[in-house]
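Student: Next comes the sequence, and after it the predicted model I'd like to discuss.
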Amino acid sequence: MVKISTLAGAAALVAASNAQTSATGNPFTGVELPANPYYANEVATIAIPALQASGKTSLIPAAEAAAQVPSFYWMYVHAQHERRARD
């Protein structure tokens, strides 16, 4: 925790927090992102069996491929927890 003892100190802290940085390029260029294991498990245990049960077996390869697409785990998992909390 930062202790601010003067008005000038507070103003400096606000100015520093409002400072903008600029970046160029994609910071993820050349980075290999892993597949989301939580999502891949849901595809394997929920989506693929549902496709089989509904006779849509031609979509199974697409589901398997989608399970291997990298995604940001925390965004997906957070959305899942929020949805389950509402249901």
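Tutor: Received, thanks. Numbering: from 1, shown residues only.

Student: Kindly confirm my reading that residue 33 is in a helix.
Tutor: No. Counting by DSSP: H, G, I helix; E, B strand; the rest coil, one finds residue 33 to be coil, located in no helix.

Student: Correct me if wrong: it contacts residue 68.
Tutor: No. The criterion here is C-beta atoms under 8 Å, and residue 33 misses it with residue 68 at 11.0 Å. All C-beta spots, glycine's among them, are computed from the backbone N, C-alpha and C.

Student: so where is this structure shaky, pLDDT-wise?
Tutor: For the chain, the stretches flagged by pLDDT under 70 are 1-6, 9-21, 72-78, 81.

Student: Spatially, what comes nearest to residue 70 if we skip its sequence neighbours?
Tutor: Spatial nearest neighbour of residue 70, chain neighbours left out: residue 33 (3.4 Å); criterion: C-beta to C-beta, 6 or more residues apart in numbering.

Student: Residue 59 is in contact with residue 48, correct?
Tutor: No. Using C-beta under 8 Å, residue 48 makes no contact with residue 59, being 9.0 Å away.

Student: roughly how far apart are the residue nearest to residue 70 and residue 65?
Tutor: 15 Å (C-beta to C-beta, to the nearest Å).

Student: Next: residue 43.
Tutor: Relative to residue 65, and taking C-beta to C-beta, residue 43 is found at 10 Å.
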